[in-house]
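A.B. asks: following is a predicted model, sequence given first.
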Amino acid sequence: GENVEQHPSTLSVQEGDSAVIKCTYSDSASNYFPWYKQELGKGPQLIIDIRSNVGEKKDQRIAVTLNKTAKHFSLHITETQPEDSAVYFCAASTRDGGTSYGKLTFGQGTILTVHP
Amino acid sequence: KAGVTQTPRYLIKTRGQQVTLSCSPISGHRSVSWYQQTPGQGLQFLFEYFSETQRNKGNFPGRFSGRQFSNSRSEMNVSTLELGDSALYLCASSRTGLNSPLHFGNGTRLTVT
């Protein structure tokens, strides 16, 4: 089945710096890659997503890049702020058993801490 | 627009009991997925429902089951609870459930003692 590896597991930056989180996936059939932010006591919140026919997508301070050949994708956060501190998860659509309905395989998460 | 609503937020049960969790999806969303989140295993897919039909299922034992109603609201049930079932159970809704954004609720925290 699909396997998604996420690095680093923890990331500490100073306010205003950039943060980069990287993920690799194993299933070449995966074609949808969302990123989620999870704050304490809350469910994961979708922050950006990318489909396999696009190499890069940007939304204000957040960008995602996808390299289908190498099977990796990355989240870039610029001008980080303390409120960006949270756990970030990458995910990939998964077609185990022939269907990918509702099923995402998640990375293990990155704890991002932004110091004021 | 209201988000995904899960009830209850917290549950404490004893081994051997059963539990039912409820999820109300975003209005207009017909697909509901359930996930289990634990510190050791991370986020794992349980099952997905669309128009009252289970279309996809993860690798969980038969003690875990679910259903969806005609108004797209969903419930999941865990029977014969084990200590290892302690987790955050998350419900997510989407318009189609296929390569479309999943929007998660804040989950139900289940503790089995």
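C.D. replies: Perfect, thanks for sending it.
A.B. asks: so who does residue A:34 touch?
C.D. replies: A:46, A:48, A:49, A:50, A:90, A:91, A:104, B:101, B:102 (C-beta atoms under 8 Å, 6 or more residues apart in numbering or on different chains). Every residue, glycine included, has its C-beta placed from N, CA and C.
A.B. asks: now those in TSV, with pLDDT, neighbour count and secondary structure?
C.D. replies: Putting the contacts of residue A:34 into TSV (pLDDT from 0 to 100; neighbours: other C-beta atoms under 10 Å in any protein chain shown; DSSP: H, G, I helix; E, B strand; the rest coil) gives the following:
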residue	pLDDT	neighbour count	secondary structure
A:46	96	16	strand
A:48	97	20	strand
A:49	95	19	strand
A:50	94	20	strand
A:90	98	29	strand
A:91	96	27	strand
A:104	92	26	strand
B:101	91	15	coil
B:102	94	27	coil
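A.B. asks: just the closest of those to residue B:72, please.
C.D. replies: Distance to residue B:72 across the contacts of residue A:34 (C-beta to C-beta) is lowest for residue B:102, with 14.3 Å.
A.B. asks: could you check how far the residue in chain B that chain A sits nearest to is from residue A:94?
C.D. replies: As assessed by C-beta to the nearest C-beta, chain A sits closest to residue B:48 within chain B, at 2.8 Å. Residue B:48 is 11 Å from residue A:94, where distance means C-beta to C-beta, to the nearest Å.
A.B. asks: report the secondary structure state of whichever residue of chain A sits closest to chain B.
C.D. replies: Nearest residue of chain A to chain B: residue A:102, at 2.8 Å (C-beta to the nearest C-beta). Here residue A:102 is recorded as coil under DSSP: H, G, I helix; E, B strand; the rest coil.
A.B. asks: any idea how far it lies from residue B:57?
C.D. replies: On the measure of C-beta to C-beta, residue A:102 and residue B:57 end up 10 Å apart.
A.B. asks: spit out the residues that contact the two alike.
C.D. replies: B:47, B:48.
A.B. asks: with neighbour numbers in mind, choose between the two.
C.D. replies: Using other C-beta atoms under 10 Å in any protein chain shown, the more surrounded residue of residue A:102 and residue B:57 is residue A:102, with 31 against 19.
A.B. asks: pretty sure that one contacts residue B:53?
C.D. replies: No - counting by C-beta atoms under 8 Å, residue A:102 does not reach residue B:53; the two are 11.8 Å apart.
A.B. asks: quick one: residue A:17 is in a strand?
C.D. replies: No - with three-state DSSP as the criterion, residue A:17 is coil rather than part of a strand.
A.B. asks: how about stretch B:72-85: buried residues?
C.D. replies: By 16 or more other C-beta atoms under 10 Å in any protein chain shown, the buried positions in stretch B:72-85 come out as B:72, B:73, B:74, B:75, B:76, B:78, B:81, B:85.
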